[in-house]
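Colleague: below are the sequence and a predicted model for it; my questions follow.
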Amino acid sequence: MPVDELDTRILRLLLEQPRTSVREYARILGVARGTLQARMDRLERDGVITGTAPALSPAALGHPVLAFVHIEVTQGHLDEVGDALAAVPEIVEAFSITGGGDLLARVVARDNAHLEDVVQKLISMPGVVRTRTEVALRERVSHRMLPLVESIGRPARG
């Protein structure tokens with residue numbers, strides 16, 4: 001079922017006021033609590049809402065260095081390397097990709113020396129052929145979903 005206007009309003013509230021109660025969301029939206037809860041349950045079931053964990057800052061946790069590591073993998077070893085990446089706490093995300101490499105990992109580190117240690121750990125993994133690291137200098141657009149949600153909720157132009 002596609003996301004409709006009420007779903008869009010619910011998602012906007014969840015993004016803007018993540019610590020508000022369901023009862024308060026229902027009041028703000030002017031809908032019954034049961035209706036709101038049913039909508040939220042469906043959005044979760046459909047995979048639109050994927051979690052309720054707080055957003056954490058790696059920098060505030062002592063890991064201000066952010067890098068993107070492209071990982072080339074020996075053919076046929078993608079799953080094993082992917083599983084091994086999950087055991088490295090400094091890897092906060094990893095994706096299978098097309099283009100220059102097989103995997104792309106988002107890596108955080110305490111400093112450049114720590115980043116080098118993490119990259120060396122990756123290079124030593126069985127199945128890893130080579131890596132290429134790009135260090136982020138400054139975040140220009142923070143992770144966000146609200147503009148996308150708002151664009152989905154707008155009527156299509158003819």
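Modeller: Sure, I can see it.
Colleague: make it CA atoms for all contacts and neighbour counts henceforth
Modeller: Fine.
Colleague: so where's the chain shaky on pLDDT?
Modeller: 1, 153-158 (pLDDT under 70).
Colleague: show me the residue at the heart of it, geometrically.
Modeller: Centroid-nearest residue in the chain: Glu93, 7.2 Å away (criterion: Cα atoms, centre = their mean).
Colleague: using the three-state scheme, assign it.
Modeller: strand (DSSP: H, G, I helix; E, B strand; the rest coil).
Colleague: thinking it is in contact with Ala87, fair?
Modeller: No: contact between Glu93 and Ala87 fails when scored by Cα atoms under 8 Å: they sit 11.6 Å apart.
Colleague: all helices of the protein, in order?
Modeller: 5-16, 22-29, 33-45, 78-85, 112-123, 146-153 (DSSP state H).
Colleague: want to try a markdown table for the ones you listed, with distance to Ser57 as columns?
Modeller: Shown next, in a markdown table, are these (distance: least, Cα to Cα, whole Å):
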| stretch | distance to Ser57 |
| --- | --- |
| helix 5-16 | 17 |
| helix 22-29 | 26 |
| helix 33-45 | 25 |
| helix 78-85 | 20 |
| helix 112-123 | 17 |
| helix 146-153 | 19 |
